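**Q** Need a 3D model of the sequence below.
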Amino acid sequence: MAAYKPVIACNSGGPVETIKNGVTGYLCELTPEDFSSAMAKFIESPELAKGMGSEARKHVVETFSVNQYLVHVLSSPKED
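**A** Residues are numbered from 1 along each chain as shown. This is a model prediction of the structure:
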C-alpha cells in the first residue's frame, strides 16, 4: 500500500484492520473464485487499480506514519 499499490487479501485477521475494502484494495473470502474476481477487476480496469493504489498510499501515510505513531504513543495514558 505504501508503494501506491492496492491489496488483495483474505477477509480475516490483520488485513481486516488495515485494508478498506473497495477503497484501498479488496478483502476476499478464501476461495479461488473470489481472489480471481478481485484480480480481474484490476486487470480489466487499470485506472481502478491506480485510484485504489493512491487511496492505499494515503491511508498508510495517515494511519501508519511515524508521526501518527508518535501522536498515538504520546496521547496514551501513562502508567505510574
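**Q** Excluding sequence neighbours, find me the nearest residue to C10.
**A** Once flanking residues are discounted, C10 sits nearest to L30: 5.6 Å by Cβ to Cβ, 6 or more residues apart in numbering. Bear in mind the C-beta positions are built from the backbone N, C-alpha and C, glycine included.
**Q** Identify the residues contacting that neighbour.
**A** For L30, the contacting residues are 10-12, by Cβ atoms under 8 Å, 6 or more residues apart in numbering.
**Q** now the helices for this structure?
**A** Ranges of helices within the chain are 14-18, 32-44, 46-64, 66-75, based on DSSP state H.
**Q** How far off centre is the first one?
**A** The gap between where helix 14-18 is centred and where its chain is centred comes out at 7 Å by Cα atoms, centre = their mean, to the nearest Å.
**Q** Next, name the residue at the spatial heart of the protein.
**A** I19 (3.0 Å; Cα atoms, centre = their mean).
**Q** and the gap between the residue lying closest to that residue once chain neighbours are set aside and N67?
**A** Counting by Cβ to Cβ, 6+ apart, G25 is the residue found nearest to I19 once chain neighbours are left out, at 4.9 Å. Distance from G25 to N67, counting by Cβ to Cβ, to the nearest Å: 23 Å.
**Q** So those two - more neighbours on which side?
**A** Using other Cβ atoms under 10 Å, the more surrounded residue of G25 and N67 is G25, with 25 against 9.
**Q** For the more buried one, name its beta-bridge partners.
**A** Note on G25: beta-bridge partners V7, N21, judged by DSSP bridges.
**Q** which residues touch it?
**A** G25 touches 1, 6-9, 19, 52, 56, counting by Cβ under 8 Å, 6+ apart.
**Q** same thing but at 6 Å, please
**A** Neighbour list for G25: 6-8, 19 [criterion: Cβ atoms under 6 Å, 6 or more residues apart in numbering].
**Q** same question, Y26
**A** 8, 38.
**Q** For the remainder of this discussion, apply numbering that starts at 7.
**A** I'll keep to 7 as the first residue from here, and by that count the last item is Y32.
**Q** so how far is P83 from it?
**A** Counting by Cβ to Cβ, the gap from Y32 to P83 is 36 Å.
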